[in-house]
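Engineer: Pasting the sequence and the predicted model now:
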Amino acid sequence: TLTVTGANPAFLVGTPGNPYAAVNQTGGTLTLTSTSVILGYNSASSTYTGQSTYNLASGSIGLTSYTIVGYHAPADFIQTGGSIVTTRDDTALNVALFNAGNYAISGGSFEATGTPYIGSPSLQVSTHDAAGTLTVGGGASTAAVALKGWMAMANNADNDTDKGSATVNLLPNGTLAVNTNIYRGRPDYVVSNGTGTVTFNLGGGTLRPYNANLAVGNANNGHGANAVFDLNLLSATTSTLTGIGWKDSVARTLSIYSKLTGGGGLAIGGGTAELRHAANDFTGNTTISAGTLKLITTGTNNVANSPTILVASGATLDVTGVTGPGGFVLASGQTLTGAGAVTGALTATGTPGNLATVSPGSSIGTLSTGSVTLGDYSDLILEVGGAGQNDKLAVTGNLILTSTLDRLDLSPVGGWLGSYTLATWTGSISGEFSQVYYNNVLMPNPTAAGGINGNYRLIYDAGSKMLLLIPEPSPLALAGLMAGGQLLRRRRGG
């Protein structure tokens with residue numbers, strides 16, 4: 001145990017006289033009272049460019065003041081384990097204040113528990129003209145940066161034409177938990193020359209609140225568009241957004257104003273996650289594993305490039321905030337699937353060769369929705385298996401099938417036995433499916449006796465508000481059964 005008490009600065013790693021200073025902590029406890037940790041400490045007039053490093057592999061650091069990684073000289077803070085807790089009410093961690101700084105945590109945790117205020121974020125990445133990098137995760141164990149306050153990036157505190165750059169990498173097993181806001185710039189700085197650049201990569205980690213609601217990239221912070229930055233979903237990864245508080249596990253709201261772009265996928269892990277950008281163009285799948293994903297746009301679909309939206313059992317896709325013509329419109333080539341719930345009206349409209357598909361269930365299951373319109377080049381896919389085992393669309397509202405280009409696909413899973421309820425609605429039904437397929441084969445007369453597979457037929461029961469699949473052989477099949485029965489009786493009688 002090492003305890004240091006004194007005025008700032010008192011714990012320095014790297015000075016003009018020690019250009020390559022390094023600290024390696026492999027255990028124990030470092031306690032700093034009214035004392036900061038500064039890596040790369042140097043005077044502004046010095047030409048020293050040596051690298052200072054702090055390696056934390058195990059043990060703990062507790063302090064009441066701040067940590068600077070990259071003061072007037074470049075520095076690295078590498079954490080592969082252990083824990084850091086600071087109770088400072090002002091900025092607790094500054095990565096790249098005046099010179100390049102890199103904080104990489106692949107194991108352990110950094111937590112800022114102080115009470116924040118508007119003028120100072122708990123974490124700054126790149127201030128003045130410096131280049132800062134924060135990397136969370138990427139190792140075999142879990143890593144977390146957890147902040148009771150807000151986070152700022154690329155501040156340009158000097159308000160000059162030389163702007164710094166901030167890079168944030170949130171990788172597998174990594175969690176970034178922040179309260180209130182994540183900004184590009186700071187609302188307390190009047191920045192007429194704008195801010196520096198921000199590269200924010202979501203590469204398989206988790207973004208969530210600490211213990212209050214969190215907004216990411218909100219332009220309404222004092223300097224408008226300067227606050228906005230993209231979230232880049234890295235290809236071949238799935239990153240998680242969750243509204244569940246890191247500190248208290250309470251369900252809260254995570255509001256994403258930033259544009260989601262890139263080739264990666266998105267998972268929703270609980271609480272409420274709002275996507276508020278109108279032009280998200282990420283091309284990975286969207287999986288709502290738990291909680292609610294709420295889409296908010298004046299358009300008709302702000303996740304249109306995500307090929308599959310999966311709503312798991314117990315989870316919800318809320319499209320009541322989609323206010324464009326027709327509400328939420330499933331895009332051409334897009335599939336909505338799962339056994340969860342869709343709150344709000346749904347329209348599916350595709351293009352030739354790129355159907356808009358609604359596919360209830362993950363195997364066998366029920367998808368609950370508001371009113372549904374299956375428009376041109378739409379497809380409802382239902383698996384039908386053993387007795388009473390089938391996918392179902394449960395509509396609270398109206399089911400509209402007035403298109404001449406919509407289709408129903410019945411996919412057999414095992415032998416059919418008995419009747420099946422394929423869809424229900426609480427309002428009214430309009431029209432019928434223009435095309436019905438059984439096992440990828442078009443059935444020309446699906447409502448006739450034996451119109452499906454020779455043994456079943458569809459019934460649109462407006463009275464009971466159900467779409468039924470019932471066993472009713474065709475006359476030819478029935479005649480064959482009767483003939484077979486007569487032959488059997490003759491043989492027994494002979």
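Structural biologist: Arrived safely. Keep in mind the model is a prediction, meaning the values are calculated, not measured.
Engineer: The stretch 351-494 of the chain: helices as residue ranges?
Structural biologist: Counting by DSSP state H, counting those that start in this stretch, the stretch 351-494 of the chain has helices at residues 475-493.
Engineer: Okay, now the unreliable bits of it?
Structural biologist: Counting by pLDDT under 70, the stretch 351-494 of the chain shows low-confidence ranges at 475-494.
Engineer: can you pull out the strands in it?
Structural biologist: With DSSP state E, counting those that start in this stretch as the criterion, the stretch 351-494 of the chain has strands at 356-360, 366-369, 372-374, 378-384, 392-395, 399-401, 407-412, 420-425, 429-431, 435-438, 441-442, 456-461, 466-471.
Engineer: Which strands or helices does the fourth one pack on?
Structural biologist: Contacts defined by 3 or more C-beta pairs under 8 Å, 6 or more residues apart in numbering; DSSP states H and E place strand 378-384 against strand 356-360, strand 392-395, strand 407-412, strand 420-425. Any C-beta I mention is one placed from the backbone N, CA and C, and that applies to glycine too.
Engineer: who's in contact with it?
Structural biologist: Strand 378-384 has contacts (C-beta atoms under 8 Å, 6 or more residues apart in numbering) with 330, 348-350, 355-361, 363-364, 374, 390-393, 403, 405-413, 416, 420, 422-423, 433, 469.
Engineer: what's the answer for stretch 350-362, then?
Structural biologist: 310, 312-313, 329-339, 346, 348-349, 366-367, 372, 374-383, 391-393, 407.
Engineer: Any stretches of the stretch 151-300 of the chain with poor pLDDT?
Structural biologist: Across the stretch 151-300 of the chain, residues meeting the criterion (pLDDT under 70) sit at 156-162, 187-195, 220-226.
Engineer: repeat that with 90
Structural biologist: The stretch 151-300 of the chain contains residues with pLDDT under 90 at 152, 154-164, 183-197, 218-228.
Engineer: Can you give me the distance of Thr142 to Ile105?
Structural biologist: 10 Å (C-beta to C-beta, to the nearest Å).
Engineer: all strands for the stretch 151-300 of the chain, in order.
Structural biologist: Secondary structure of the stretch 151-300 of the chain (DSSP E, counting those that start in this stretch): strands located at 151-153, 165-170, 174-184, 197-202, 206-216, 231-233, 238-241, 253-256, 260-262, 265-275, 286-297.
Engineer: looking at the ones you listed, which is closest to His72?
Structural biologist: Smallest distance to His72 across the strands of the stretch 151-300 of the chain (C-beta to C-beta): 17.8 Å, for strand 165-170.
Engineer: Pull the distance from that closest one to the chain's centre.
Structural biologist: Its chain's average C-alpha position is 18 Å from that of strand 165-170, according to C-alpha atoms, centre = their mean, to the nearest Å.
Engineer: pLDDT on stretch 325-333, on average?
Structural biologist: For stretch 325-333, mean pLDDT rounds to 95.
Engineer: now do the same end-to-end measure for that stretch.
Structural biologist: One end of stretch 325-333 to the other measures 20 Å (C-alpha to C-alpha, to the nearest Å).
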